[in-house]
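Asker: Whatever this is, show me its structure:
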Amino acid sequence: MDAYEAGSDARHGRDEPGGAEGAPPDGPAPTPGSGPPDGDSAPALGTLAPHGSPDPQEAPRTSLAALSLPYQIGAALAVAVVAVAAFAHLGMVFLHVAPSNTVTKEHARAIDDWIYPEFEQNWKLFAPNPLQQNIAVEVRADVRTADGGARTTAWYDLSALDGEAIHGNPVPSHTQQNELRRAWDFLVASHDAQNRPSGLRGVLAEQYLRRIVVLRLDREDAAGPGGTIDRVQVRSRSTNVRPPEWSQEQVQVPEKPTYRVLPWWPVPDDEKAQAAGATDATRADAS
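Answerer: Numbering: from 1, shown residues only. Predicted coordinates:
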């Protein structure tokens, strides 16, 4: 009986009726080390689990730390190059817009080579009074008609045409707002008082302005059906703006506008063909 009762007690669980308190459950005894780890024996954070897999509790590496050493070096070099280029560009722009000083005079050529034409600025630090003139750019042309005759057109106020295109337009284009004005400013800055170009920039300014006005004249059909533009002449009309009533500034405002008239420029054949092609494409898109 004692042996039977002992065997019976071994088969019953702890909570089962008749089971001895503290007796192990039925089944094979657990092998050492197979149970859950104790608090003191838990693997440290960042160690590898069995079979070499990373611990799921380890935080994943991000940013540059996730790259291998060669890629980290390459990324650091790229960031350094971009930073140096940005600082150099900001320094050149600062010297360009700053008032004339020893540094800008000594390195004027290097500064201009960096700035023009992509990064040209039309503002200055510590600028004087703003522009107090209305400047309009006008053009006329000598035209060869379809029957072989010649005539000179009236003056076309290109600035007024741009103003009409901008007026009432909530999102005017950059071309309508700045193209003609910047072209005229470029020419004035690169020519002397006798309208002679100052170096290659002056010649480039003439070519740029001439292409613009030829395109505008062709858009306005200044030559007429079958006609061609042989040469063009550009002038500016400047009118001083009266100061406001509250201003104490004394400005002599002439009764009539002043003009700056440039010489006649012949139009090359390639520019004639380019203007005609651009106008045809514009009309085709509009239709």
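Asker: which residues touch stretch 175-188?
Answerer: With contacts defined as CB atoms under 8 Å, 6 or more residues apart in numbering, stretch 175-188 is touched by 122, 135, 137, 158-159, 162, 165-166, 169, 202, 205-206, 208-209, 212, 216, 236. Glycine gets a C-beta too; all of them are placed from N, C-alpha and C.
Asker: hey, where'd the helices end up in the protein?
Answerer: Assignment of helices within the chain using DSSP state H yields the ranges 2-11, 69-97, 102-106, 108-115, 158-166, 174, 180-189, 199-219, 269-286.
Asker: just so I know, which of these lies nearest residue 226?
Answerer: helix 269-286 (11.2 Å; CB to CB).
Asker: per-residue confidence averaged over that closest one?
Answerer: Regarding helix 269-286, the rounded mean pLDDT is 73.
Asker: any low-confidence regions in the stretch 51-200 of the chain?
Answerer: Judged by pLDDT under 70, the stretch 51-200 of the chain has its weakly predicted residues at 51-64, 123-131.
Asker: now residue 225, nearest residue through space, not along the chain?
Answerer: The spatially closest residue to residue 225, leaving aside those adjacent along the chain, is residue 146, at 6.2 Å (CB to CB, 6 or more residues apart in numbering).
Asker: List the contacts of that neighbour.
Answerer: With contacts taken as CB under 8 Å, 6+ apart, residue 146 has the following neighbours: 224, 225, 226, 227.
Asker: can you pull the pLDDT of the second one?
Answerer: The score at residue 225 is 89. That number is its pLDDT.
Asker: Ok, residue 204 next?
Answerer: What the model reports for residue 204 is a pLDDT of 95.
Asker: Please report how far the residue nearest to it when sequence neighbours are not counted lies from residue 165.
Answerer: With CB to CB, 6+ apart as the criterion, residue 204 has its nearest non-adjacent residue at 7.7 Å, and that residue is residue 190. If you measure residue 190 against residue 165 using CB to CB, to the nearest Å, the figure is 27 Å.
Asker: How about residue 252?
Answerer: Computed with CB to CB, the distance linking residue 252 and residue 165 is 33 Å.
Asker: just residue 230 next, same as before
Answerer: Shown here: residue 230 relative to residue 165, a distance of 27 Å by CB to CB.
Asker: List the contacts of residue 83.
Answerer: Neighbours of residue 83 in contact, by CB under 8 Å, 6+ apart: none.
Asker: before we move on, what about residue 114?
Answerer: Taking CB under 8 Å, 6+ apart as the criterion, residue 114 is in contact with 89, 92.
Asker: Distance-wise, check it relative to residue 96.
Answerer: Following CB to CB, the distance that separates residue 114 from residue 96 is 8 Å.
Asker: What pLDDT does the model give residue 251?
Answerer: Looking at residue 251, its pLDDT is 68.
Asker: scratch that, residue 6
Answerer: The predicted structure lists residue 6 with a pLDDT of 47.
Asker: This completes my enquiry, with thanks.
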